[in-house]
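S.K.: The sequence and its predicted three-dimensional model are supplied below.
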Amino acid sequence: MPHIIKQNLPIMALLLGSSLWGVLWLPLRYFNVAGLHGAWLILAIYLLLALPAGWWSWKRRGELRGHHWTLIGLLVFGGWTNVAFMLALVHGEVVRILLLFYLSPVWAIFAARIFLREAVGWRGALAAALAVGGSALVVSHGQGFSVSDLSTNDLLSISSGFAFALSNVVLRADEALGDMHRATSVWWGCVLLALPFVWFQPWPSLSPMQYPYLLGFSWLWIAGATLAIQYGVARMPVSVSAVIMPFEVIVGALSAWCLAGEKPGLLEVLGGVLILSAALLQITRSQQHPVSLGGVDMEKGGLQ
């Protein structure tokens, strides 16, 4: 492998992973139209990941002693992170959903203060102020914020980011648990938490011809994006990866604009800039190594 390619491989991996997450809405909506609706799709995707991962963890179950509360926390909070986020993406405005999820670093400020007794500091306070102002612009289109402006998809996205922050707290309270065991717990959480929602959606009518695409989407797209981001963030400074990760929002915005006709207004763009600025400010408070949350990567101290 040429030296220049090897040197830039982590950046290329991070850009690839971010791009795959940024256009995640596209295959989700494709399968939804094809007959595998929202919750059924999430159930199928993560069951395909959880079964082999669960078998792997079971064979190493001795490593799980003393980590039961961590596993439960990741199952609940990590599972809801992915389920709520994907449900919101199926029907919601892509850019809006991505930006509201990126409030997660701000939720992490308060969660870490309450549960881990960490000081907020001026950077945390400024990040919170920027995020609140940005989210108000995104949600209200600059017309004055009201709780009634929040749609079901908005609430799903916000709750997903909040659950993500709580998952961060769980991981930081127990850093000894292996990455694969963490992922297994989160993936089984996705399966279990998607189950109640399937009763409110039509029975799947996916053509058998689509099954290979579903398998490839789960094992290649979801797992591939996760591995690409893990590879990238583990091999570059936080200050670099933190700047690259919001590329997900840019890819999501451009793809939604070109393929779904979603065109954000000037005030929404300004709100997005404020939210991403808050996220970057909060992320760079920590200079430690990243940890992974079964499909979404984070830094200790904030969202990747």
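M.R.: Okay, I see it. As the structure is a computational prediction, the values presented were derived from the model and not from experiment. Numbering: from 1, shown residues only.

S.K.: Quickly find the element holding Lys263.
M.R.: Assigned by DSSP states H and E, Lys263 belongs to neither a helix nor a strand.

S.K.: got it, and Ala253?
M.R.: Applying DSSP H and E, one finds Ala253 within helix 247-260.

S.K.: Now that helix: buried residues?
M.R.: Buried residues in helix 247-260, counted by 16 or more other C-beta atoms under 10 Å: 247-253, 255-256. For every residue, glycine as well, the C-beta is placed using N, CA and C.

S.K.: so after that helix, what's the next helix or strand?
M.R.: Following helix 247-260 toward the C-terminus (DSSP H and E): helix 266-283.

S.K.: how much does that next one deviate in direction from helix 247-260?
M.R.: Calculated by axes from the mean of the first three to the mean of the last three C-alpha atoms, to 10 degrees, helix 266-283 forms an angle of 150 degrees with helix 247-260.

S.K.: mean confidence for helix 266-283?
M.R.: For helix 266-283, the mean per-residue pLDDT is 77.

S.K.: packing partners for that helix?
M.R.: Contacts defined by 3 or more C-beta pairs under 8 Å, 6 or more residues apart in numbering; DSSP states H and E place helix 266-283 against helix 94-101, helix 104-116, helix 121-140, helix 238-244, helix 247-260, strand 302-303.

S.K.: could you measure Gly133 against Val273, distance?
M.R.: Distance of Gly133 to Val273, computed by C-beta to C-beta, to the nearest Å: 11 Å.

S.K.: And the pLDDT for Arg61?
M.R.: Value for Arg61, per-residue pLDDT: 87.

S.K.: Kindly report the same for Val33.
M.R.: In this model, Val33 is scored at 93, pLDDT.

S.K.: Point out where the stretch 101-250 of the chain drops to low pLDDT.
M.R.: 105, 108, 112, 115-116, 118, 120, 139-149, 230, 233-234, 236-245 (pLDDT under 70).
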